[in-house]
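# build me a model from this:
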Amino acid sequence: MDELVYQLREPEEYTSCAVFNSPHSGSAYPLALLGATLLDPVRLRSSEDAFVDELFRSAPRHGAPLMAATMPRAFLDLNRASDDLDPALIAGASRRVLNPRIAAGLGVIPRVVAEGRPIIHGKLPLAEAQRRIATYWHPYHDRLRALIEDQKARFGMAILFDCHSMPSDALNSALNLGQKRRPNLVLGDRFGASCDRWLVDAATEIFTEAGFSVVRNAPFAGGYITQHYGRPAHGVQALQIEIDRSLYMEERTIIRSRDFVAIAEAIGGAVRALTALGPRRMKVAAE
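Reported below is the predicted structural model:
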């Protein structure tokens, strides 16, 4: 059953305290969703972090696990709280003070994809929302939590890298924030709440040296996963990584671009450096 929820690639030997997570790269669209959606297949995938798990696939070679969702974001958003139910979509969901994401249709069961396009017509029964959360959300987060706790037990601390992609036009506003050139990677630490400054500084240096233009917390400071798991005072650092999709894919058609291999190699080099941060179990050569 777990393979229907996530793919977990583990290293032969755990030598890094890092955990890499890609909660929005799932692309196994259920037939029921495909039959009910108002969208064509490409638009349905427009909020998916396509290929992000491939960009970070080298993590196990450097001693850290890589966890990636199987179910797509349009079906269930693993980067939202399990009780973030949208009453405009879920029949019977209690109406409470809504956060801006729910109001925008981006609850744990999304109402819309990119550019506010509705996914289905009408509402879902509350029982269906609860089924998705019980079947997919809880097993995913149970395993992610266990990975983090295991790393903390092994190394005394854990570093969670939550890996995402963003539409290229999301960064246009950054040009008005004093940037010398258009950024293409955003590091989110919830404005210092989810990890210590040394980690953000180190990750900024690593990605800059890999050729990326890096900004922090704008326009993305980190979602539920970064906020929920990041507890620096308790030995768990969490940092969100957002990469400009136009670097490695054709956004209109959701296919890998001719630059995909080069960007994957650059990310791979950064991953190697990221896994070396924090305490590290070194392999001892045989005498």
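# only C-alpha atoms for contact and neighbour calcs from this point on.
Will do.
# what packs against the helix or strand hosting residue 143?
Following DSSP states H and E, one finds residue 143 within helix 138-155. When contacts are defined as 3 or more C-alpha pairs under 8 Å, 6 or more residues apart in numbering; DSSP states H and E, helix 138-155 packs onto strand 18-22, strand 158-166.
# deepest in the core, which of those is it.
Highest mean neighbour count of those: strand 18-22, a mean of 27 (counted as mean count of other C-alpha atoms under 10 Å).
# and for the next helix or strand after it, what's in contact with it?
Next along the chain after strand 18-22, taking DSSP H and E as the criterion, comes helix 31-36. With contact meaning C-alpha atoms under 8 Å, 6 or more residues apart in numbering, helix 31-36 is reached by 41, 75, 120-121.
# next SSE downstream of helix 31-36?
Using DSSP H and E, the first helix or strand after helix 31-36 is helix 41-44.
# which parts of the helix or strand following that following helix are buried?
Next in sequence after helix 41-44, counting helices and strands by DSSP H and E, comes helix 52-55. Applying a neighbour-count criterion of 16 or more other C-alpha atoms under 10 Å, the buried positions in helix 52-55 are 52-53, 55.
# and helix 52-55, what does it pack onto?
Under the contact definition 3+ C-alpha pairs under 8 Å, 6+ apart, helix 52-55 sits against strand 158-166, helix 260-275.
# and those as TSV, adding mean pLDDT?
Shown next, in TSV, are the helices and strands packed on helix 52-55 (pLDDT from 0 to 100):
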stretch	mean pLDDT
strand 158-166	98
helix 260-275	98
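# I'd like those laid out as JSON lines, including distance to residue 102.
Below are these laid out as JSON lines (distance: least, C-alpha to C-alpha, whole Å):
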{"stretch": "strand 158-166", "distance to residue 102": "19"}
{"stretch": "helix 260-275", "distance to residue 102": "32"}
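# ok so, going back, quick one: which of the contacts of helix 31-36 has the most company?
Neighbour counts for these (other C-alpha atoms under 10 Å) peak at residue 75, which has 21 neighbours.
# for that residue, which non-adjacent residue is closest in space?
residue 109 (6.4 Å; C-alpha to C-alpha, 6 or more residues apart in numbering).
# quick check: phi and psi at the one you found.
Note on residue 109: backbone dihedrals following degrees, to the nearest 10 are phi -110, psi 100.
# got the contact list for it?
By C-alpha under 8 Å, 6+ apart, the neighbours of residue 109 are 74-77, 85-86, 129.
# quick one: mean pLDDT over stretch 10-17.
Averaged across stretch 10-17, the pLDDT comes to 98.
# and the end-to-end length of that stretch?
Chord length of stretch 10-17, first to last residue, is 12 Å (C-alpha to C-alpha, to the nearest Å).
# what is the neighbour count of residue 215?
Counted with other C-alpha under 10 Å, the neighbours of residue 215 add up to 22.
# fine, thanks again, bye for now.
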